[in-house]
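**Q** could you work out the structure for the sequence below:
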Amino acid sequence: EVNFSKGEMVTFYNEWMKTQIAKYKLWLEQGCKCIYTGNLINITNLFSSNKFDVEHTIPRSVSFDDSMANLTICDADYNRRIKKNRKPAELENYDEILVRIQPWISRVEKLKQNIEYYKHRSRIAQTKDKKDEAIRQRHLWELELEYWEKKVNTFLMKDVPTGFRNSQLVDTGIITKYAYHFLRSLFSDVSVQKGSVTATFRKILGLQTEFDKKDRSKH
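**A** So this is what the prediction gives:
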């Protein structure tokens with residue numbers, strides 16, 4: 001018999017729920033089918049660990065990347081028996097896989113067009129409010145483009161560059177950059193603070209006691 005503390009149970013549940021949400025998001029992104037096999041994924045089977053895996057598109061041992069952009073819902077048998085620790089470009093049915101990610105490639109091009117559109121809107125805006133709104137929209141599209149370009153690249157790359165392996169180290173910096181400019185269009189005084197400062201605020205607000213570890217479930 002194993003006894004778990006309340007904190008351990010909460011941590012386990014949060015991690016389990018995080019995985020289920022990731023599965024659902026990836027399922028929608030993939031058009032409800034496995035990118036590798038092309039087979040449709042029935043939602044009743046989606047959450048079965050025996051039928052479908054959340055796998056690292058570029059193997060984690062190579063990329064060290066756990067981000068959603070490097071995750072794929074995959075037929076469990078295909079993942080464990082065929083893909084294993086290989087990149088998509090190394091698979092025998094790679095040409096078929098490329099066809100299945102064409103909607104993603106088209107989405108990237110559409111996002112680039114949206115960004116150019118709002119760049120133009122910000123240049124010709126006749127009022128500050130219209131200019132700020134165009135800037136906000138541009139930054140939102142740029143953040144989405146960042147994600148989808150990386151998603152597509154995980155399927156296109158044949159070699160993993162150092163920059164890709166280290167990309168997760170700068171994700172926070174990328175988010176901060178876009179968030180800063182976005183908020184500047186809404187507020188006159190915006191500053192970026194270190195993690196130690198936000199940790200102090202968590203304690204002031206009662207989200208974390210003096211000696212507790214950070215709980216990422218309290219967004």
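**Q** look up the pLDDT of residue 61 for me, please.
**A** What the model reports as pLDDT for residue 61 is 83.
**Q** look through the protein and tell me its longest helix.
**A** Longest helix in the chain, counting residues (DSSP state H): helix 128-156.
**Q** what is that helix packed up against?
**A** Here helix 128-156 touches helix 102-124, helix 167-184, going by 3 or more C-beta pairs under 8 Å, 6 or more residues apart in numbering; DSSP states H and E. From N, CA and C alone the C-beta is placed, and that goes for glycine too.
**Q** could you dump these to CSV with mean pLDDT, distance to residue 137 and mean neighbour count?
**A** Listed next are the helices and strands packed on helix 128-156 as CSV, based on pLDDT from 0 to 100; distance: least, C-beta to C-beta, whole Å; neighbours: other C-beta atoms under 10 Å:
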stretch, mean pLDDT, distance to residue 137, mean neighbour count
helix 102-124, 96, 5, 14
helix 167-184, 71, 10, 14
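**Q** tabulate those helices (JSON lines), appending distance to residue 194.
**A** Listed next are the helices and strands packed on helix 128-156 as JSON lines, based on distance: least, C-beta to C-beta, whole Å:
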{"stretch": "helix 102-124", "distance to residue 194": "30"}
{"stretch": "helix 167-184", "distance to residue 194": "11"}
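**Q** tell me which of those sits nearest to residue 139.
**A** helix 167-184 (4.8 Å; C-beta to C-beta).
**Q** hang on, the earlier thing: nearest to residue 58, of the helices and strands packed on helix 128-156?
**A** Among these, helix 167-184 comes nearest to residue 58, with 10.5 Å by C-beta to C-beta.
**Q** residue 192 contacts residue 181, doesn't it?
**A** No - taking contacts as C-beta atoms under 8 Å, residue 192 lies outside contact range of residue 181: 11.0 Å.
**Q** return the helix or strand in the protein with minimum mean pLDDT.
**A** Every helix and strand in the chain was compared by mean pLDDT, DSSP states H and E; the lowest is helix 162-165, with a mean of 64.
**Q** let me see the contact set for the residue nearest in space to the middle of the chain.
**A** Nearest to the geometric centre of the chain sits residue 68, at 3.4 Å (C-alpha atoms, centre = their mean). By C-beta atoms under 8 Å, 6 or more residues apart in numbering, the residues touching residue 68 are 22, 25, 26, 147.
**Q** state the helix or strand in which the third one lies.
**A** So that's residue 26. Using DSSP states H and E, residue 26 sits within helix 6-29.
**Q** model confidence over that helix, on average?
**A** For helix 6-29, the per-residue pLDDT averages 85.
**Q** in that helix, what counts as buried?
**A** The neighbour-count check on helix 6-29 (16 or more other C-beta atoms under 10 Å) flags 23, 26, 27, 29 as buried.
**Q** find the nearest non-adjacent residue to the second one, please.
**A** Spelled out, that is residue 26. Leaving aside its chain neighbours, residue 26 sits nearest to residue 73 (4.5 Å; criterion: C-beta to C-beta, 6 or more residues apart in numbering).
**Q** does that neighbour have any beta-bridge partners, and if so which?
**A** Beta-bridge partners recorded for residue 73 (DSSP bridges): residue 54.
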